[in-house]
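Novice: return atomic coordinates for the entry below.
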Amino acid sequence: MHLYTLVALPLVVHLLGTTSAADPAIKEKSAMIQAAFLVGWAIGGAFFGRLGDLIGRSRALALTVLTYALCTGLCAIAQTWWQLMIFRFIAALGIGGEWAVGASLIVETWPKAWRPWLAAVLQSSVNVGILLATVCVMLLYSLPHPPAERWVFLIGAFPALLVFWIRRHVPETQEWKARGAGAERKPRMITLFQGPVGAITFRTTLVCALALSAWWLFLFWHPQHLRQILTESGASRSEITRWISISFFAVNGASIAGNFFAGWIASRLSCQRAIAIMLGGLALGIVGAFVVPRSFGALAWFWCPFTGFFSGAFGLFTMYLPPLFPTLLRTTGAGFCYNIGRICAAGASVIFGWFAPVNDFRTALLASSLVAMAAFVAAFWLPKDAT
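Specialist: All right, here's what the predicted structure looks like:
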């Protein structure tokens, strides 16, 4: 998911065959590749979400993992920026689908009382995976002759081996089998936009769109801002990538703590209220990080991890969204509402790349705090937790 974030700028510089990282085309193409990834994530959530409701959670899960693993590995052979964009788009189809299918599978196999803590564990698993990828990149760039940035994508091909385990040891949920076998006619997707279900779809999609746009603007562009600071200080290419990886490590380490903090709040209040509190903290973190020019040390070791701490909100969506929908629309509904926000995040990434002043990431990152604040306000309009 985040391998591209770690090597985006030097990789696109290489693929475009330019020698200047300040070339406006670099930022534009980087944003387009990231936008294609987020669009693919959204489409994959809707497509595989529907597939999970039709053929079952376990089989759909195996297909999603195979899709994103193989296509992430294929990014290593990309020779042009648009080839990389295509591979990232297809890989994202699987990643978006995996979230939708996996969230419903977990909700249907664990009791409600465990959900806030299980959400923390699941989201922390994402962060641990990111940390492992970060460590691999750090090790690669510690070599005497670091490989080309494209080869880091081979790391993402290994999850394909999980498909064999999933097919043998992840059974279909009893709830899906009971409802699926007894239903003469499965609900149509249009039901998501009708009546009371339609109101839930609209309100949750709005919050997901705002929150994900703010988070992905921060997550993708703050490493580029840090990279610029290090470049201006005279650091070498390998040193810059290593330090960016370490700072990314710090952000994700803080995110793990934030996941359990969010779970604790949800267990005391509710997922809906916990999401609102965490999104408020996310907005404050972005403002604090970029309201004034700060040094690499201040950003990398305090403000960016502080902001990452409040990303625990996104783990809560895993447990909060699926129960809001009927069983045979659960994967479709959760996948649509959460992942359609990626479309908005994709648009935000492209707009950022087009209109942000050249080499002035800080001002545009500060502007993204307004989106986070809007998400915080909209979160109070979310439906109450489903029983």
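
Novice: after the biggest helix by length in the chain comes which helix or strand?
Specialist: With secondary structure taken from DSSP state H, the chain has its longest helix at helix 195-232. Proceeding N to C from helix 195-232, the next assigned helix or strand is helix 237-268, under DSSP states H and E.

Novice: now do residue 338 against residue 374, distance only.
Specialist: According to CB to CB, to the nearest Å, residue 338 and residue 374 sit 17 Å apart. Backbone N, C-alpha and C define where each C-beta goes, glycine included.

Novice: list the buried residues for the longest helix of the chain?
Specialist: 197, 200-201, 203-231 (16 or more other CB atoms under 10 Å).

Novice: stretch 128-146 too?
Specialist: For stretch 128-146, burial by neighbour count (16+ other CB under 10 Å) applies to 130-131, 133-134, 136-138, 140-141, 146.

Novice: mind putting these into JSON lines with pLDDT, secondary structure and distance to residue 159?
Specialist: Formatted as JSON lines, these follow (pLDDT from 0 to 100; DSSP: H, G, I helix; E, B strand; the rest coil; distance: CB to CB, whole Å):
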{"residue": "130", "pLDDT": "80", "secondary structure": "helix", "distance to residue 159": "13"}
{"residue": "131", "pLDDT": "81", "secondary structure": "helix", "distance to residue 159": "15"}
{"residue": "133", "pLDDT": "79", "secondary structure": "helix", "distance to residue 159": "11"}
{"residue": "134", "pLDDT": "78", "secondary structure": "helix", "distance to residue 159": "16"}
{"residue": "136", "pLDDT": "81", "secondary structure": "helix", "distance to residue 159": "13"}
{"residue": "137", "pLDDT": "78", "secondary structure": "helix", "distance to residue 159": "17"}
{"residue": "138", "pLDDT": "78", "secondary structure": "helix", "distance to residue 159": "20"}
{"residue": "140", "pLDDT": "79", "secondary structure": "helix", "distance to residue 159": "19"}
{"residue": "141", "pLDDT": "75", "secondary structure": "coil", "distance to residue 159": "23"}
{"residue": "146", "pLDDT": "68", "secondary structure": "coil", "distance to residue 159": "24"}
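
Novice: quick check: which ranges of the stretch 51-200 of the chain have low pLDDT?
Specialist: Within the stretch 51-200 of the chain, the segments meeting pLDDT under 70 span 146-147, 179-187.

Novice: residue boundaries of the helices in it?
Specialist: Per DSSP state H, counting those that start in this stretch, the stretch 51-200 of the chain carries helices over the ranges 57-74, 81-107, 115-140, 162-169, 174-182, 195-232.
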